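Colleague: how does the following fold in three dimensions:
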Amino acid sequence: TDGLAGLDDVAGVAEPQWSPDRTALLLAVRLELDHGDDADPLVAVTDRVAAEHPDLRIRQSGDLPLDAAIDERVAEDLGSAELISLPITLVLMLVAFGALAAAGLPVLLAATSLAATIGISAPLSHLVPFDDTAASRSVLIVVAVVVDCSLVALTAQRWESESGGRTLDAHG
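Modeller: This is a model prediction of the structure:
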C-alpha cells in the first residue's frame with residue numbers, strides 16, 4: 001500500500017480486504033478526480049510486487065488498466081491490418097482488373113497517398129496531439145478510398161464499353 005499511496009494521481013488506498021476463504025485480497029485504490037491517463041506508475045508498482053512475490057497472482061481492474069489494455073489491443077489489431085491491407089488489395093485488384101499493370105496502379109496510388117498523408121501529418125503531430133493509431137487508420141482509409149474509386153472507374157469503363165461507347169467517354 002505504501003508504494004501506491006506515494007503516487008501523484010492516487011487520492012487514497014483502502015485497507016486490504018480478504019475474501020472469506022482468505023484466497024484473495026482486494027486492495028482498492030482511489031485516484032484523484034483530475035488524474036492523468038498514464039497507467040505506467042500503477043503498473044510499475046504492481047509489477048514490482050509481482051516480482052517480489054512470484055507465487056502470488058495479481059490482477060488489476062478499473063479505468064486506467066482497462067483503457068491501457070484496450071489501447072494496446074487496438075494498436076496490435078490495426079498494426080496487423082496495416083501490414084496485410086496492401087497485399088490483399090493487390091490481389092483483389094488483380095482479380096477485378098485481370099492485369100498486373102492495371103491492378104498495380106491503384107496500389108501504387110494508395111502507397112503514394114499514404115506517403116503524402118504521413119508526410120503532411122508528421123509536422124502537424126508536433127502541434128496537435130495525434131493518437132498512436134492514426135497512421136494505421138490512415139492506411140485503412142486510404143486503401144479503402146483508392147479501391148472504391150478504382151472499382152467505380154472500372155465499372156464505368158466496362159459499362160461504357162458494353163453500351164458501345166468509347167473508353168474515354170466513361171471518364172468524362
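
Colleague: who are the neighbours in contact with the residue nearest to the spatial centre of the chain?
Modeller: Compute the mean C-alpha point of the chain, and by CA atoms, centre = their mean the closest residue is Ala75, 3.4 Å away. For Ala75, the contact set (CB atoms under 8 Å, 6 or more residues apart in numbering) comprises Asp132, Thr133, Ser136. Just so you know, the C-beta spots here come from the backbone N, C-alpha and C atoms, and that holds for glycine as well.

Colleague: ok now stretch 12-28, how far from the chain's centre?
Modeller: On the basis of CA atoms, centre = their mean, to the nearest Å, stretch 12-28 sits 35 Å off its chain's mean C-alpha point.

Colleague: buried stuff in that stretch?
Modeller: Val13 (16 or more other CB atoms under 10 Å).

Colleague: which helix in the protein has the most residues?
Modeller: Ranked by number of residues, the top helix in the chain under DSSP state H is helix 63-97.

Colleague: tell me the angle of the helix or strand just after it relative to helix 63-97?
Modeller: Using DSSP states H and E, the helix or strand that follows helix 63-97 in sequence is helix 100-124. Relative orientation of helix 100-124 versus helix 63-97 (axes from the mean of the first three to the mean of the last three CA atoms, to 10 degrees): 150 degrees.

Colleague: I am finished for the moment; much appreciated.
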